[in-house]
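Chemist: My questions concern the predicted model and sequence given below.
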Amino acid sequence: MMDSQDKPQVEGKPVEENVAESSNADVQEQQVTEGEIVENVEAAPAEEAAPVVEAAPAEEAAPVEEAAPVEEAAPVEEAAPAEEAAPAEEAAPAEEAAPTEEAEKKVFKTKGEVLERVIELAHGEENPSKDEVDLLKTIFYKLLVIEKDAAKKAFVDGGGDPEQFQIVPDEEEEKFKAEMTLIKERRQRVFQDMENEKAENLKKKLAIIEKIKTMVTSPENANKSYQEFKRLQQEWREIKAVPQERANELWKTYQHYVEQFYDQLRLNIEAREYDFRKNLEIKTKLCEAAEKLAEEPDVISAFHQLQELHQQYREAGPVAKDLREQVWARFKAASTVVNKRHQQHFEELRSKEEENLARKTALCEKVEAIAKEENKGAADWERHTREIKEVQAEWKTIGFAPQKMNVKIFERFRAACDDFFGRKTQFFREMKSHFAENAEKKRALVEQAKALQDSTEWKATAEKLTALQKEWRTIGTVPKKLGDQLWSEFLGACNKFFEARNAATAGTRGEERENLAKKRDIIARLKAIAEKEPDTETQSQVQGLVDDYNQIGHVPYREKDKLFKEFHEVLDKIYKELNISVTRRRLDNYRSSLRSVAEKGAGALDNERTRLMRRYEALKQEIQTYENNLGFLSVSSKKGNSLIDEMNRKVQKLKDELALVKEKIKAIDAENRAEEEEEE
């Protein structure tokens, strides 16, 4: 029979049939049988002790180590031979057959295998063991939960909504329930038969006690009644279980009259010593067998075997009085070793289960933390998936947690995993929808590109295809295989057009490259002029080069803006230096001419100053107009930028002229002050 801690535990959601309450028969079958005594002095706690049928309830059975067996009580001086001493009541047979060794060791891989064993128990000859029935029930529903989880996973992986998943009725489950009902009814019938048998056994044993009682009241016939007494003892041993509530009282009454009978016997000492020697041999062998159990690798098996040895020890007759304590001490010491190993085994099991609980709790917290992290895209989901799968792999390497927490900790772990994978499924379902939308948009662009690929309107079509390429880049991603296919079609259509255009305009491009070389040569010559000090010929040289530059035709489109910028930068530099030089000379010449203006008569300088003031105000107004217009120009196009640069140069030229006019006015004012000083 399996120990309670040997039963497998199932990780999974509890199933209604998996937690059915035990019947009254199941409860009754856990009561002890008549005359059983606990042999485990160092016994583990109640929930880890040997199966209930092998031990009386804790409050009724005293540990064997604390007192010698009853049959070892010292007989009277003229005691009968040892085998006639009052033997301990033989334990009633277990009320249910223990599961066979094959059943305990067999690994059930499918529900069908479990169902075959259940059918065999339901219709076979043997009385089904409760432990085996519970084991089969646990394994069956574990496999059922695994199948249902697998079906749900397949449904979700196939794109189904987890909330819409429906469990399909399982025919094997219905068959299993029906067969289990038959087993339960059969066990109840067996239990009732056993109860009836116990009542009959009680009547038989009471009759035996009455017969022995009659023998005790006739001491003169004790020797003559000895064989009848032995027969009654044998009959007593063959009668098994009685109702538990009468067992102790019945045993005490029987023991009382048996001891009285032995007190009246007048047996010869040789027969008595012969029985003592035989019993000593039996108990010595039992001691040796108990001592060998210390080397048994299977602690549970050793403990169960010890129970059998204790039963045999109780049934063996007494030994010589001077050897009783010695033999009993030896047997007790061997029992203590086995019991301590048994207790230590369950203590280590509890410790390991607590350690497993701590490790599983840490894994739950780890998965919960991963599930809370933000997932910005598919890469994050896949990375977190790998992390959770690593945690799941580690979980599988950890054994069971304590039984009361094992299901709870697994449910917590699975809830965290389900939450993550449920949200992942939703994310990829939405992403799949976006992929479909993006694919449709790209297919539309592919169709438009194919419609333009044979066009000969080079400029207009090039602009359209360029716009399509820009729009393509604004569309989101699609699955790689499909995306590569669409891009290949789109690129093929674009390349077909541009290759045709390039072939048609090959001559034009050669001319544009020649023009580019000519303009670069002019820019180089302008840069050389810019490095020199301006002179009187500089302006005419620059103007000639600018005229030549403007006469040259188009250059390659990609070089146009860069060349334009480079050309005007060097011109601006030259004009700036040239303007400063010219302005300085013009101002010096003007100052020199003021004396001749003054000689024309009074008011000549004032008239000149008035003319300059009008020019000054006109320039200011013109500059203001240009600056206002600049504010309305858009800078979004390259053409717009070129116009703005040109207007900025004009504004700067007007400002330079304004500054010159201002200096001329100052020069007139200085000349007027000089004349006034001469008159004084």
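Modeler: Nice, thanks for sending it over.

Chemist: how much space between Leu202 and Glu315?
Modeler: Leu202 sits 21 Å away from Glu315, going by CB to CB, to the nearest Å. All C-beta atoms are positioned from the backbone trio N, CA, C, and that covers glycine.

Chemist: Same question for Lys152.
Modeler: Noted for Lys152: a distance of 57 Å to Glu315, by CB to CB.

Chemist: got a list of what Val133 touches?
Modeler: With CB atoms under 8 Å, 6 or more residues apart in numbering as the criterion, the residues that contact Val133 are 121, 180, 183, 187.

Chemist: Please identify, among the residues you listed, the one with the most neighbours.
Modeler: Leu121 (24 neighbours; other CB atoms under 10 Å).

Chemist: I figured that residue hits Leu182, correct?
Modeler: No: with contacts counted by CB atoms under 8 Å, Leu121 stays clear of Leu182, the gap being 9.0 Å.

Chemist: Near Phe229, how many other residues are there?
Modeler: Residues near Phe229, counting by other CB under 10 Å, number 22.

Chemist: any idea which helix or strand carries Asn438?
Modeler: Secondary-structure assignment from DSSP states H and E places Asn438 in helix 403-452.

Chemist: What of Leu654?
Modeler: Assigned by DSSP H and E, Leu654 belongs to helix 638-679.

Chemist: Packing partners of that helix?
Modeler: Here helix 638-679 touches helix 557-598, helix 604-632, going by 3 or more CB pairs under 8 Å, 6 or more residues apart in numbering; DSSP states H and E.

Chemist: Who are the packing partners of the helix or strand hosting Ala329?
Modeler: Using DSSP H and E, Ala329 sits in helix 321-372. Using 3+ CB pairs under 8 Å, 6+ apart, the elements in contact with helix 321-372 are helix 269-292, helix 299-315, helix 378-396, helix 403-452.

Chemist: so which strand or helix has Gln166?
Modeler: Assignment of secondary structure by DSSP H and E places Gln166 within no helix or strand.

Chemist: Could you list the buried residues of stretch 289-308?
Modeler: Buried residues in stretch 289-308, counting neighbours by 16 or more other CB atoms under 10 Å, are found at 289-291, 293, 299-300, 302-307.

Chemist: Looking at those residues, which two lie furthest apart in space?
Modeler: Spanning the widest gap among these are Glu291 and Ile300, at 18.5 Å by CB to CB.

Chemist: separation between Glu200 and Asn248?
Modeler: Per CB to CB, Glu200 is found 19 Å from Asn248.

Chemist: now do Ile300
Modeler: 29 Å.

Chemist: do the same with Lys278
Modeler: Where Asn248 is concerned, Lys278 sits at a distance of 29 Å (CB to CB).

Chemist: Show me what the host helix or strand of Glu116 is packed up against.
Modeler: Element membership of Glu116 [criterion: DSSP H and E] is helix 111-123. For helix 111-123, the elements it packs on are helix 130-157, helix 171-216, judged by 3+ CB pairs under 8 Å, 6+ apart.

Chemist: ok, and for it, which residues are buried?
Modeler: 111, 113-115, 117-119, 121-122.

Chemist: Relative to Ala528, which of the residues you listed is nearest.
Modeler: Checking the buried residues of helix 111-123 against Ala528 with CB to CB, the nearest one is Lys111 at 96.5 Å.

Chemist: right, and that closest one touches Lys175 too?
Modeler: No: between Lys111 and Lys175 there is no contact under CB under 8 Å: 9.5 Å.

Chemist: Any idea which of the helices and strands packed on helix 638-679 has the lowest pLDDT on average?
Modeler: Out of the helices and strands packed on helix 638-679, helix 557-598 stands lowest, with a mean of 72 (criterion: mean pLDDT).

Chemist: now the stretch 51-200 of the chain, which segments are flagged as low pLDDT?
Modeler: Applying pLDDT under 70 to the stretch 51-200 of the chain picks out residues 51-106.

Chemist: I misspoke; the intended subject was the stretch 201-350 of the chain.
Modeler: Within the stretch 201-350 of the chain, the ranges that satisfy pLDDT under 70 run 219-223, 265-272.

Chemist: Give the burial count for Arg609, as a bare number.
Modeler: By other CB under 10 Å, the residues close to Arg609 number 17.

Chemist: how about Asn375, secondary structure?
Modeler: Classification of Asn375 by DSSP: H, G, I helix; E, B strand; the rest coil places it in coil.

Chemist: Now do the same for it: its pLDDT.
Modeler: 84.

Chemist: again, but for Glu533
Modeler: Glu533 is assigned a pLDDT of 72 by the prediction.

Chemist: Distance of Glu238 relative to His256?
Modeler: Taking CB to CB, one finds Glu238 at 21 Å from His256.

Chemist: the more surrounded of these two?
Modeler: Ranked by neighbour count (other CB under 10 Å), Glu238 and His256 place His256 first, with 15 against 10.

Chemist: on contacts alone, who are the packing partners of whatever helix or strand that one lives in?
Modeler: Using DSSP H and E, His256 falls within helix 244-264. Counting contacts by 3+ CB pairs under 8 Å, 6+ apart, helix 244-264 packs against helix 171-216, helix 226-238.

Chemist: Can you say which of these is nearest to Asp521?
Modeler: Relative to Asp521, the nearest member of those by CB to CB is helix 171-216, separated by 93.8 Å.

Chemist: got the angle for that closest one vs helix 226-238?
Modeler: Inter-element angle recorded for helix 171-216 and helix 226-238: 160 degrees (by axes from the mean of the first three to the mean of the last three CA atoms, to 10 degrees).

Chemist: one step back: just send the buried residues of stretch 289-308 back as CSV, with distance to Lys650 too.
Modeler: Listed next are those as CSV, based on distance: CB to CB, whole Å:
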residue, distance to Lys650
Ala289, 122
Ala290, 120
Glu291, 120
Leu293, 115
Val299, 106
Ile300, 106
Ala302, 111
Phe303, 110
His304, 112
Gln305, 115
Leu306, 116
Gln307, 116
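
Chemist: Of these, which is the nearest to Lys137?
Modeler: Of all the buried residues of stretch 289-308, Lys137 sits closest to Ile300, with 21.2 Å by CB to CB.

Chemist: That closest one and Gln234: what is the separation?
Modeler: 34 Å.

Chemist: swap in Ile522?
Modeler: Ile522 is 137 Å from Gln234, by CB to CB.

Chemist: Which of the two has more residues huddled nearby?
Modeler: A count of neighbours by other CB under 10 Å puts Ile522 above the other of Ile522 and Gln234, at 18 against 11.

Chemist: Tell me if I'm right that that one and Asn550 touch.
Modeler: No: using CB under 8 Å, Ile522 is not in contact with Asn550; the gap is 9.9 Å.

Chemist: Determine the set of other helices and strands touching the helix or strand hosting Gly492.
Modeler: Assigned by DSSP H and E, Gly492 belongs to helix 480-504. Under the contact criterion of 3+ CB pairs under 8 Å, 6+ apart, helix 480-504 touches helix 403-452, helix 458-474.

Chemist: immediately after the helix or strand hosting Lys519, which helix or strand?
Modeler: Per DSSP H and E: Lys519 is located in helix 506-530. Using DSSP H and E, the helix or strand that directly follows helix 506-530 along the chain is helix 538-551.

Chemist: helices or strands next to that following helix in the packing?
Modeler: Partner elements for helix 538-551 (3+ CB pairs under 8 Å, 6+ apart): helix 506-530, helix 557-598.
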